[in-house]
Structures are given as C-alpha cells and as structure tokens.
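Visitor: fold the following.
(one chain, ligands or ions: 1)
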Amino acid sequence: MDALDLPGLRAALVAERDRLRAEVAETIQAPGQMTYGSQAAAASQVFEQQRDLALRDRSTTHLELVDAALARLDAGDYGSCLRCGHTIAPARLEALPWAARCIACQAELDRGHR
Ligand SMILES: [Zn+2]
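Guide: Numbers count the residues shown, from 1 in each chain. Model prediction:
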C-alpha cells in the first residue's frame, strides 16, 4: 500500500473521469433533433446512433469503475482486491488505476468464475 502514489493515482482517475464524462455527454443525441432526408440516410443515422449508444454504454460502464475507484480512495480502502481482499500490485494500479480486483481474481472472472 505505501508504495502507491495515491495523489498521482487520484489525479489520473480524476482526469479519466473528466474525459469519460465529456465523452458520454458528447455522444448523447436527442432523437427529436434527427432529420431523415431519405431511407438510406435514415438507416445510416440509425446505425450511427446505435454505434454511439454502444460507445456510450462502454464509457458509462468505465466511468462507473473510475467513480468507484475514487470512492474507495476517499474511503481509504483503495488498492485492495474487492474479491479476495489482498493488496493489488502497484504496477497493476499504475496501469489501470480503476482496477478493483487483483490480477489472479480478474483472470478467474475472465474465465467465468465468480
Ligand atoms: Zn483478488
């Protein structure tokens, strides 16, 4: 834990949160503002909207991870694996400041274990 650069990690998380918030806000389009010139334009606009929504979903999910990491920083329990409670490797947190699980637990989750 004491090897962690918490102010640096917090700064990285805040920067990431701001970037994601801007990204989520950017991809929101009010359906009422859409104008369909033709059938083809309508189709491509629907396609673009769906792509934006998928992108926004990913950004929103990521934003939740970043917010949760900031909450753990505030609570003082940042850097512990949510699954096994062990300390997450500092190198992993430097690469992924929002990581909520240690590498071993994440690997198990990725394999479908809970
Ligand atoms: Zn773990």
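
Visitor: next SSE after the strand or helix carrying residue 22?
Guide: Residue 22 is located in helix 6-27, with elements delineated by DSSP states H and E. Later in the chain than helix 6-27, the nearest helix or strand by DSSP H and E is helix 39-75.

Visitor: list the buried residues of that next one.
Guide: 56, 59, 62, 63, 65, 66, 69, 70, 72, 73 (16 or more other Cβ atoms under 10 Å). For every residue, glycine as well, the C-beta is placed using N, CA and C.

Visitor: just these now: which is nearest the ion?
Guide: The shortest approach to the ion among the buried residues of helix 39-75 belongs to residue 72, at 14.1 Å (Cβ to the ion).

Visitor: so which residues on this protein come close to the ion?
Guide: 81, 83, 84, 102, 105 (Cβ under 5 Å from the ion).

Visitor: okay, the third one: pLDDT?
Guide: Confidence at residue 84, expressed as pLDDT, is 97.

Visitor: so it sits in a strand?
Guide: No: counting by DSSP: H, G, I helix; E, B strand; the rest coil, residue 84 falls outside a strand, being coil.

Visitor: circling back: and the helix holding residue 22 with helix 39-75, angle?
Guide: With axes from the mean of the first three to the mean of the last three Cα atoms, to 10 degrees as the basis, helix 6-27 and helix 39-75 are set at 160 degrees to each other.

Visitor: just put the buried residues of helix 39-75 in CSV and tack on pLDDT.
Guide: What follows is the buried residues of helix 39-75, written out as CSV (pLDDT from 0 to 100):
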residue, pLDDT
56, 91
59, 94
62, 96
63, 97
65, 96
66, 98
69, 98
70, 98
72, 96
73, 96
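
Visitor: next up, phi/psi of the residue located most distally from the centre of the chain, please.
Guide: Ranked by distance from the centre of the chain (Cα atoms, centre = their mean), the top residue is residue 38, with 36.4 Å. Main-chain torsions, residue 38, degrees, to the nearest 10: phi -150, psi 170.
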